[in-house]
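Asker: Provide a 3D model corresponding to the input given below.
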Amino acid sequence: MRKLTLFFIALIGAAVLLTGVFVVPVPAKAQDVSDAIEALADLQSDDDFSPEDWIPADYVGFVRIRMDAAGIALSDLNTAMVAAAMLQPARVVISQQLGYETFVSLAALDVEDASFATDILPWLRDEVVLAYRQLGPGLSAAEEDVLMILPSNDFFGSADAMGRIIQAQDLGDATTYRDVSIYTGDRASFAFMPEAVLVGSIDAIHAALDVRAAEAEALTAQDSYTTVLEAQGQNEAAPLTEEIIFAYLGGDDVVMPALSLLLSGNESGEPLLMALGDALRAIRNSEGFERSLLSDTPDAVSVSIAITAPLLSAPVINATAIMHVPNSVAVGLGAGSAEATETPASTPATFDPSVLDFIPRSAMMVQSGPDAAGAGYDLLVALPLFSFSGQMLGGFSAAGIAATPSPLVDQPSAANVQTAVTSFLEALDVVANYSLEDDFFAHLDGSYAVALLPRPNDPTPMLNTPFDILILAQVDDGAAASAGAIEFIETALDFGTFETETPANGDGDQSFETLRVVAGGDPVLQIGTVSDGDIMVIGTGSALERVLDAERGDNRLVDQQRWHDLTEISSETPNLYINFNALFNTLAPSPGGEVPPVGVRQLAARVQSIGEGLFRLEATITL
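Answerer: Numbers count the residues shown, from 1 in each chain. This is a model prediction of the structure:
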């Protein structure tokens, strides 16, 4: 299974994590606000004002957070944080209901009784925008690089409430810039306008006022921003949903470190991810999301998170990310070839959902896609990096991935990975006269699905895993594909010799090649075909028996209500499905066999190439 599919999971918590990383400075001191109140008393707030339109073009991004006096938004934010803590427990830890100050810190106010609910929320126009001039390690931002924009629906209320805070400061100064009074304190400055209150460094406020006066370019006017914003669109899967978080990051020197942080838990995984991307570029012959993402380097990404609350049902989290990857074309170097060749971007293959008809209802994780051969290349390239998976995917430690980097082992480069892969393929050719590409990959012709089937109290023979692995792939020649797979396993893995068997629950005409440790014992591995030879099946343990039940229409995952709960929200078939209760009860069982109260029940994620170097990633979480 391709480990990069975990990236889908990472995107669910991305925008939420951004809001929790930064400490937002709030104003420190002013002499008096009465003059500003009198000067602006006849002005009205612009209801069409978009606070992000004041962000200077040299800023790397922003986060927009919905807030409301009724507390609905705060409840939605807490729901999103529960999901984030579930998906990335090492980065997000919550033990109780979170307040407004968790998302917008008031520590820099230097007032003991400062409260977002009483000092800001009454006059706030339902949202807060946090803009970042630059980001440091771990997506951290210095106070002078953060600009907070508080849209106002009550100018007098904002001046009165913040005036109390200002008068409580010890130091301060007042200046004017572009006819706007700016009050400067020890740690931050702020300015009142009919549309909004600005909080940040004096330089940040000056820059925002330049944009407001149309004397400087806005971030929202840049092509990278408008491109992803146009593709973001509305969440058609949940038209009654109101967005609670929107985040944008721009610049290839920012987006890739952010991706590494989300996947790895820190930025140490970035060189490995880049090595994987470059190796995929060198070896893989076809276009793919993983190759484009890691080797072409994304330069802009937007993330939107929304909550649907159906009547009498648990909340559903919907997340949509748009990623722009410039120069996203297929560049391939076949293993063993002498040079790379550029080819035009290929038309994305269409996934055939019929392969999912053979997935048993007990599946706790399913990953699928339209390109079985491409998935084979992905796995082949990723294998040399398996020992470094803890560094690359350490952000998901709860999924059983141990981040244990060793300072004694050098991190492999793309050249190292490519050498390992080509040497392996050449050794197969020399020693066994076997070509993995020609004898196996060439027969993979269409869509595929990989599933994990739980068996927590009955480990798979020899493999000793608490789950069975099931692989389904459309093929052009079932017999040739099966023969190629068997020859590879017998030659490269030396697991033993397969024997032909007829399954008891088959149609009587089906036969499968079976590998056993003990004669008459449970199978270790079985290989064969279903659907009149059009789909090859590779399964460990008892996976094949369950596939044959599903082929007859019995106990299919796609017929279960929990599957429909996710797929009815979006018309797209998910590329990744996870049943968290089954997953955690299998990989990390609780005493007595109790299902842990994980809070998150299921996740479905999908990725789609929408052209012009743009990829849409959608995720749905049921609670």
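Asker: can you map out the helices along the stretch 1-150 of the chain?
Answerer: In the stretch 1-150 of the chain, the helices defined using DSSP state H, counting those that start in this stretch lie at 6-12, 14-21, 34-39, 72-87, 100-103, 116-119.
Asker: so which elements touch the host helix or strand of residue 190?
Answerer: Following DSSP states H and E, one finds residue 190 within strand 189-192. Strand 189-192 sits against helix 155-167, strand 180-184, strand 196-200, helix 202-212, with contacts defined as 3 or more Cβ pairs under 8 Å, 6 or more residues apart in numbering; DSSP states H and E. All C-beta atoms are positioned from the backbone trio N, CA, C, and that covers glycine.
Asker: quick one: it to chain centroid distance?
Answerer: Between the mean C-alpha point of strand 189-192 and the mean C-alpha point of its chain there is a distance of 36 Å (Cα atoms, centre = their mean, to the nearest Å).
Asker: quick one: strands adjacent to that strand?
Answerer: Strands that pair with strand 189-192, judged by DSSP bridges, come out as strand 180-184 (antiparallel), strand 196-200 (antiparallel).
Asker: quick check: mean pLDDT across it?
Answerer: Throughout strand 189-192, pLDDT has a mean value of 87.
Asker: same check on stretch 426-435?
Answerer: 91.
Asker: re the thing from before, so for the strand holding residue 190, what gets flagged as buried?
Answerer: Residues of strand 189-192 classed as buried by neighbour count (16 or more other Cβ atoms under 10 Å): 189-192.
Asker: how about stretch 138-154?
Answerer: Result for stretch 138-154 [16+ other Cβ under 10 Å]: buried residues 139, 141, 144-152.
Asker: farthest pair in those?
Answerer: Distance extremes for those: the farthest pair is 139 and 152 at 28.2 Å, using Cβ to Cβ.
Asker: the longest helix along the chain - contacts with which helices or strands?
Answerer: Ranked by residue count, the top helix of the chain under DSSP state H comes out as helix 414-432. Judged by 3+ Cβ pairs under 8 Å, 6+ apart, the packing partners of helix 414-432 are helix 270-283, helix 372-382, helix 436-439.
Asker: could you tell me the least trusted of those?
Answerer: Among those, helix 270-283 scores lowest, at a mean of 76.
Asker: now the angle from it to helix 372-382?
Answerer: 130 degrees (axes from the mean of the first three to the mean of the last three Cα atoms, to 10 degrees).
Asker: residue 546: helix or strand, and which one exactly?
Answerer: helix 543-551.
Asker: starting at the chain centroid, how far to the next helix or strand after that helix?
Answerer: Sequence order places helix 561-567 as the next helix or strand after helix 543-551, per DSSP H and E. Computed by Cα atoms, centre = their mean, the chain-centroid distance of helix 561-567 equals 21 Å.
Asker: what segments of the stretch 251-400 of the chain are helices?
Answerer: 252-264, 270-283, 289-295, 372-382, 389-392.
Asker: mean neighbour count, these: which tops it?
Answerer: helix 289-295 (a mean of 25; mean count of other Cβ atoms under 10 Å).
Asker: now that helix: average pLDDT?
Answerer: Mean predicted confidence for helix 289-295 is 62.
Asker: what's the angle from the longest helix of the chain to helix 372-382?
Answerer: Taking the same axes, to 10 degrees, one finds helix 414-432 and helix 372-382 inclined to each other by 110 degrees.
Asker: need the contact partners of helix 414-432.
Answerer: 274-279, 281-283, 335-336, 380-381, 383-385, 412, 434-437, 487-488, 491-492 (Cβ atoms under 8 Å, 6 or more residues apart in numbering).
Asker: ok, now stretch 434-446?
Answerer: So stretch 434-446 is in contact with 334-335, 349, 352, 370, 372-373, 376-377, 380, 425, 428-429, 473-477, 480-481, 483-485, 487-488, 491, 536, going by Cβ under 8 Å, 6+ apart.
Asker: report the buried members of those.
Answerer: 334-335, 349, 352, 370, 372-373, 376-377, 380, 425, 428, 473-475, 477, 481, 483-485, 487-488, 536.
Asker: backbone dihedrals for residue 251, both of them.
Answerer: phi 110, psi 130 (degrees, to the nearest 10).
Asker: just the local confidence number for it, please.
Answerer: 84.
Asker: make sure it is actually in contact with residue 298.
Answerer: No. If you go by Cβ atoms under 8 Å, residue 251 and residue 298 don't touch, sitting 9.9 Å apart.
Asker: higher neighbour count, those two?
Answerer: residue 298 (25 against 18; other Cβ atoms under 10 Å).
Asker: measure the more buried one to residue 254 for me?
Answerer: Using Cβ to Cβ, to the nearest Å, residue 298 is found at 10 Å from residue 254.
Asker: before we move on, what about residue 452?
Answerer: Residue 452 is 35 Å from residue 254, by Cβ to Cβ.
Asker: that older thread, just the mean pLDDT for the helix holding residue 546, thanks.
Answerer: 92.
Asker: by contact count, what packs against it?
Answerer: On a contact count with 3+ Cβ pairs under 8 Å, 6+ apart, helix 543-551 meets strand 444-454, strand 467-475, strand 523-530, strand 535-540.
Asker: now name the helix or strand holding residue 486.
Answerer: helix 478-488.
Asker: give the contact list for residue 67.
Answerer: The neighbours of residue 67, taking Cβ under 8 Å, 6+ apart as the test, are 73-74, 100, 121, 124, 126-128.
Asker: buried subset of those as a ChimeraX selection?
Answerer: The ChimeraX command for the buried members of the contacts of residue 67 (criterion: 16+ other Cβ under 10 Å) is given here:
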select :73,74,100,121,124,127,128
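Asker: which one of the contacts of residue 67 sits closest to residue 88?
Answerer: The shortest approach to residue 88 among the contacts of residue 67 belongs to residue 74, at 21.2 Å (Cβ to Cβ).
Asker: excluding chain neighbours, what is closest to the closest one?
Answerer: residue 100 (6.3 Å; Cβ to Cβ, 6 or more residues apart in numbering).
Asker: give me every residue that touches that neighbour.
Answerer: Contact analysis of residue 100 by Cβ under 8 Å, 6+ apart lists 67, 74, 116-117, 121.
Asker: again, but for residue 69
Answerer: 121-122.
Asker: gap between it and residue 77?
Answerer: Residue 69 is 14 Å from residue 77, by Cβ to Cβ.
Asker: same check on residue 620?
Answerer: 18 Å.
Asker: which stretches of the stretch 251-400 of the chain have low pLDDT?
Answerer: 261, 264-268, 284-296, 310-313, 327-349, 390-400 (pLDDT under 70).
Asker: repeat that with 50
Answerer: 329-347, 398-400 (pLDDT under 50).
Asker: and for the stretch 401-550 of the chain?
Answerer: 401-403.
Asker: end-to-end on stretch 300-320?
Answerer: 14 Å (Cα to Cα, to the nearest Å).
Asker: may I see the buried residues of it?
Answerer: 300-308, 315-320.
Asker: right, I'll leave it there.
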